[in-house]
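# Test case, fold it:
(2 chains)
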There are 2 protein chains.
Amino acid sequence: MKGAVLYAPGDVRVTERDEPKVIEPTDAIIKMSATCVCGSDLWPYRGIEPVEGPVPMGHEYVGIVEEVGSEVRTVKPGQFVVGSFFASDNTCEICRAGYQSSCVHRQPVGALGAQAEHLRVPLADGTLVATPEPPPADLVPGLLAASDVLGTGWFAAVAAEVGPGKTVAVVGDGAVGLLAVLAAKQLGAERVIAMSRHEPRQKLALEFGATDIVTERGNDGVARIKDLTNGLGAHSVIEAVGTQESMMQALRVTRPGGHMGYVGVAHGVELPGRELFFSHAHLHGGPAPVRRFLPELVDLIWSRQIEPGKVFDLSLPLDQVAEGYRAMDERRAIKVLLWP
Amino acid sequence: MKGAVLYAPGDVRVTERDEPKVIEPTDAIIKMSATCVCGSDLWPYRGIEPVEGPVPMGHEYVGIVEEVGSEVRTVKPGQFVVGSFFASDNTCEICRAGYQSSCVHRQPVGALGAQAEHLRVPLADGTLVATPEPPPADLVPGLLAASDVLGTGWFAAVAAEVGPGKTVAVVGDGAVGLLAVLAAKQLGAERVIAMSRHEPRQKLALEFGATDIVTERGNDGVARIKDLTNGLGAHSVIEAVGTQESMMQALRVTRPGGHMGYVGVAHGVELPGRELFFSHAHLHGGPAPVRRFLPELVDLIWSRQIEPGKVFDLSLPLDQVAEGYRAMDERRAIKVLLWP
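The predicted model follows:
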């Protein structure tokens, strides 16, 4: 089958890869309906994370179940399913507490390479959520977004304790940041401040429910958010980048007693203990337990209450994966959908 | 009047200081009934925090109100009051959210030097809590503990979301850590694991409600806590030291989705972003908003439901402040009470 492989920084190609097979009795094999390129795929693509030999790429996926192992009970061939980037048993104590991405049996789906025609999904019953029936084509991008970027933005908003009456600030205008704006709106935030300097992303942020746009960054951005919040900072702050600068910006715009939710995969971040201490912020985040939110998100998409698929502003056939990575790397596209 | 002054690392003395006077109309002057030496006083005493010229010391206090400014409404001369280490208006938006130690008008009481015969307390109505009547002598140590170490331990337990059914681990066996054990017990924790290598402190931890004692530290301590919690870590972890080692130990024994409450004033701490990210821990802490908890704590002490004054294992006249600091520095005493 065809699948994307990263050979070296900047060198991603579709090549012939082995067809996946059921290995464990809890596996399912799905035929990919759509997959996509993630902001986190850019870390190794840019060489910021080391690339050790050719690696299959991709961890966002929706598709039709083709085959299941002998111990799979709830997932059935023919179902359209949405998964997430960590396979989880969804039964252990950590899963039951809502942290499926730290499941004691978790397996990274990324290592299996979802930017491909087929995918083996471990722990299928605990990982996959089926739609009521195969979706109309126009819902596929939204359901694909639920697989990671929507689920991640949603978790960030929940981690930041977004809710009615709250002022929310969102640091990062990638797909996750934009969908965190959507999540904040859905969760009842009174005011949602999106930090963005890019006009198309500002536009989408406003469409998703942002009430204010702040174009300043760093200290100026912090000052601007303080201005907008009586000098106090936001109640809920979402960090969706993962750099030292973005983490500090997020921490500094969180009011004392406020909540900061971080979902940008940390790269080179060191949080200064003293500033953290005196910030009085609540911090929470990490790899989003997308599985916790999937049933609700699939339902919101299915009933057309939200349209997260709008983050895909470029769709390409899987063959053109290299152009997809380039477009995201150069910020020409917010998020690239790939049709296998 | 007599008051403690730190001249240089290791050099603390009682000297003649100016009698405090009402300066602001919101001030109160109290005659000290008891004060004490705090673990955080040891940072400058040990030269870890720079000492710039002679500074008055102390920020924990209970006493009788002698005089109030013209705008003080609720606090009256003759009342016995408990205060905390930040004066707060208790009316601003941050105070109303329960973060009085980040009050927009906060003033550090430490700068005024509570290890003395008298003390000026700014923002008296927002800072001081009166007992129903002047207390019997045996309650004074407990009420004094409420002023900081109990309030701080209590905040740590609340920040760590201690509650029924939870397993709690406490890193640090100073007065704050020990009183966090007491708080965890009061807040209904199922199991309270105290990390301590000092026999007298272990004994007090058990008296305050610890169910387990772990004597190992560092990686061994982490492994031991994991052993005691099915390999998952504790639900709620309290950090009451403030060093890199203790913060990392606390983070590493917090289970995914668990809560870490930190109240040790951070010294030289840098939290590695990636480990924090993948820990899935909730973090919260900082300078305890003791004022939030004071009414409840005073009530628990007054009704003799808790006996936090047990942390004072050495009482000295104020004149012997130097011996008090030495005893704490050398860990001969858990906490030293000073009688003015």
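# Can you pull out the low-pLDDT segments for chain A?
Nowhere does chain A drop to pLDDT under 70.
# Could you give the number of residues near residue A:216?
Number of residues near residue A:216 (other C-beta atoms under 10 Å in any protein chain shown) recorded here: 13. From N, CA and C alone the C-beta is placed, and that goes for glycine too.
# Return the distance of it relative to chain B.
Separation of residue A:216 from chain B (C-beta to the nearest C-beta, to the nearest Å): 23 Å.
# Quick check on residue A:263: phi, psi?
Main-chain dihedrals, residue A:263, degrees, to the nearest 10: phi -130, psi 0.
# Residue A:12 now?
phi -120, psi 140.
# For it, grab the count of nearby residues.
Per other C-beta under 10 Å, the neighbour tally for residue A:12 reads 25.
# these two touch, right, it and residue A:326?
No. The pair residue A:12 and residue A:326 fails to qualify as a contact (C-beta atoms under 8 Å) at a distance of 9.0 Å.
# show me what contacts the most centrally placed residue in chain A?
Centroid-nearest residue in chain A: residue A:149, 2.4 Å away (criterion: C-alpha atoms, centre = their mean). If you count contacts by C-beta atoms under 8 Å, 6 or more residues apart in numbering or on different chains, residue A:149 has them with A:38, A:60, A:175, A:176, A:179, A:308, A:311, A:335.
# Also residue A:11?
Contact criterion C-beta under 8 Å, 6+ apart gives no residues in contact with residue A:11.
# Distance check, it against residue B:233.
Per C-beta to C-beta, to the nearest Å, residue A:11 is found 40 Å from residue B:233.
# sorry, back to before: around the residue nearest to the residue nearest to the centre of chain A when sequence neighbours are not counted, count how many other residues there are.
Once flanking residues are discounted, residue A:149 sits nearest to residue A:175: 4.3 Å by C-beta to C-beta, 6 or more residues apart in numbering or on different chains. By other C-beta under 10 Å, 31 other residues sit near residue A:175.
# is it true that residue A:175 touches residue A:337?
No. Applying C-beta under 8 Å as the test, residue A:175 and residue A:337 come out as separate, 10.8 Å apart.
# Spell out the residue ranges of the helices in the stretch 101-250 of chain A.
Assigned by DSSP state H, counting those that start in this stretch, the stretch 101-250 of chain A shows helices spanning A:124-127, A:140-146, A:149-159, A:175-186, A:199-208, A:218-228, A:244-252.
# nearest to residue B:85, of these?
Among the helices of the stretch 101-250 of chain A, helix A:244-252 comes nearest to residue B:85, with 23.3 Å by C-beta to C-beta.
# Spatially nearest residue to the residue in the stretch 1-150 of chain A that chain B sits nearest to (excluding sequence neighbours)?
In the stretch 1-150 of chain A, the residue that lies nearest chain B is residue A:102 (3.4 Å; C-beta to the nearest C-beta). Excluding its sequence neighbours, the residue lying closest to residue A:102 (C-beta to C-beta, 6+ apart) is residue B:256, at 3.4 Å.
# Equivalent analysis for residue A:48, please.
Residue A:48's closest residue in space is residue A:267 (C-beta to C-beta, 6+ apart), at 6.1 Å.
# Kindly report the same for residue A:246.
Nearest to residue A:246 is residue A:171, by C-beta to C-beta, 6+ apart, at 5.1 Å.
# Please look at the one you found and residue A:238 and confirm they touch.
Yes. The pair residue A:171 and residue A:238 qualifies as a contact (C-beta under 8 Å) at a distance of 6.7 Å.
# Pick out whichever of those two has more residues nearby.
Legend: neighbour count by other C-beta under 10 Å for residue A:171 and residue A:238, higher for residue A:238 (34 against 31).
# Was I right to think that one contacts residue A:174?
No. Look at residue A:238 against residue A:174 with C-beta under 8 Å: they stay out of range, at 11.6 Å.
# for chain B, what are the nearby residues on the stretch 1-150 of chain A?
Contact residues, the stretch 1-150 of chain A versus chain B (C-beta under 8 Å from any C-beta of the partner chain): A:93, A:94, A:97, A:98, A:99, A:101, A:102, A:104.
# which of those residues are buried?
A:93, A:94, A:97, A:98, A:99, A:101, A:102 (16 or more other C-beta atoms under 10 Å in any protein chain shown).
# Quickly find the element holding residue A:29.
Assessed by DSSP states H and E, residue A:29 sits inside strand A:28-36.
# Can you spell out which helices and strands pack onto that strand?
Strand A:28-36 sits against strand A:61-68, strand A:80-82, strand A:118-121, helix A:140-146, strand A:335-339, with contacts defined as 3 or more C-beta pairs under 8 Å, 6 or more residues apart in numbering or on different chains; DSSP states H and E.
# and that strand, which residues are buried?
When neighbours are counted by 16+ other C-beta under 10 Å, the buried residues of strand A:28-36 are found to be A:28, A:29, A:30, A:32, A:33, A:34, A:35, A:36.
# So what touches the next helix or strand along the chain from it?
As assigned by DSSP H and E, the chain's next helix or strand after strand A:28-36 is helix A:42-45. Applying C-beta under 8 Å, 6+ apart, the contact partners of helix A:42-45 are A:6, A:9-10, A:12, A:49-51, A:55, A:265, A:267, A:325, A:328-329.
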